[in-house]
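1. here's my sequence, what's the structure:
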Amino acid sequence: MRFTGTITARTDAKGRAFFPSSFRKVLATAGEENLMLTRDAFQPCLVVYPQSVWYAQLDALGTGLSRWNARERMVMREFVANVEPVSLDSGGRLLIPKRYAAMVGIEQEVVFLGMDDTVEVWAPAVLEKNRMSATDFAAELERIMGQKA
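-> Modelled structure (predicted):
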């Protein structure tokens, strides 16, 4: 599954936004119907996981943590505390619960950003504040890819 691209949408009075059709096609091709919504651990945005991807992440994290280590149990608790199953309605809209929208500053406009096997959901102004400059992006990409050569 590969989600790519940036699509802007608006939420309606109930907090629903049309999930980008290109992303819906990716889900359909992969046979994914169930989605999980959570707040990102590192950035002020939401993340939509296809359920299979979410469970793979959960398994990977759980495998590396000890049930007998209090701090590691706290990490697992925080990881799963703010995740919620969501689905697209018959019109292809995603309901963004009000508490999730408030967590990341989403009002009416939202930006869906394809991030490989997940989709980030941003408030436009917050996304702009968290983007790299073109110069920083080029330098970081050169550093990362240069290490692999």
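2. now whichever strand or helix holds Leu61 - C-alpha only, PDB.
-> Element membership of Leu61, judged by DSSP states H and E, is helix 51-64. The C-alpha atoms that make up helix 51-64 are tabulated as PDB, following Å, rounded to 0.1, in the frame of the first residue of the first chain:
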ATOM      1  CA  GLN A  51      -6.200  -1.600  10.100                       C
ATOM      2  CA  SER A  52      -3.600  -4.200   9.000                       C
ATOM      3  CA  VAL A  53      -0.800  -1.600   9.100                       C
ATOM      4  CA  TRP A  54      -1.900  -0.500  12.600                       C
ATOM      5  CA  TYR A  55      -1.900  -4.000  13.900                       C
ATOM      6  CA  ALA A  56       1.500  -4.600  12.400                       C
ATOM      7  CA  GLN A  57       2.800  -1.500  14.200                       C
ATOM      8  CA  LEU A  58       1.200  -2.600  17.400                       C
ATOM      9  CA  ASP A  59       2.700  -6.100  17.100                       C
ATOM     10  CA  ALA A  60       6.200  -4.600  16.300                       C
ATOM     11  CA  LEU A  61       6.000  -2.400  19.400                       C
ATOM     12  CA  GLY A  62       4.600  -5.000  21.600                       C
ATOM     13  CA  THR A  63       7.300  -7.500  20.600                       C
ATOM     14  CA  GLY A  64      10.000  -5.100  21.700                       C
END
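3. quick one: the strands in the protein?
-> Per DSSP state E, the chain carries strands over the ranges 6-10, 16-18, 35-39, 46-50, 84-86, 93-95, 109-115, 118-122.
4. closest to Lys129 out of the ones you listed?
-> The closest of those to Lys129 is strand 118-122. By Cβ to Cβ, the value is 10.0 Å. Where C-beta positions appear, they are placed from N, C-alpha and C, glycine not excepted.
5. what's the angle from the closest one to strand 109-115?
-> If you take axes from the mean of the first three to the mean of the last three Cα atoms, to 10 degrees, strand 118-122 sits at 150 degrees to strand 109-115.
6. rank the helices and strands of the chain by mean pLDDT and give me the bottom one.
-> helix 134-148 (a mean of 91; mean pLDDT, DSSP states H and E).
7. pull out the buried residues from that helix.
-> Using 16 or more other Cβ atoms under 10 Å as the test for burial, helix 134-148 gives no buried residues.
8. and if you look at stretch 109-125?
-> Applying 16+ other Cβ under 10 Å to stretch 109-125 flags 110-114, 117-123 as buried.
9. all good on my end, thank you.
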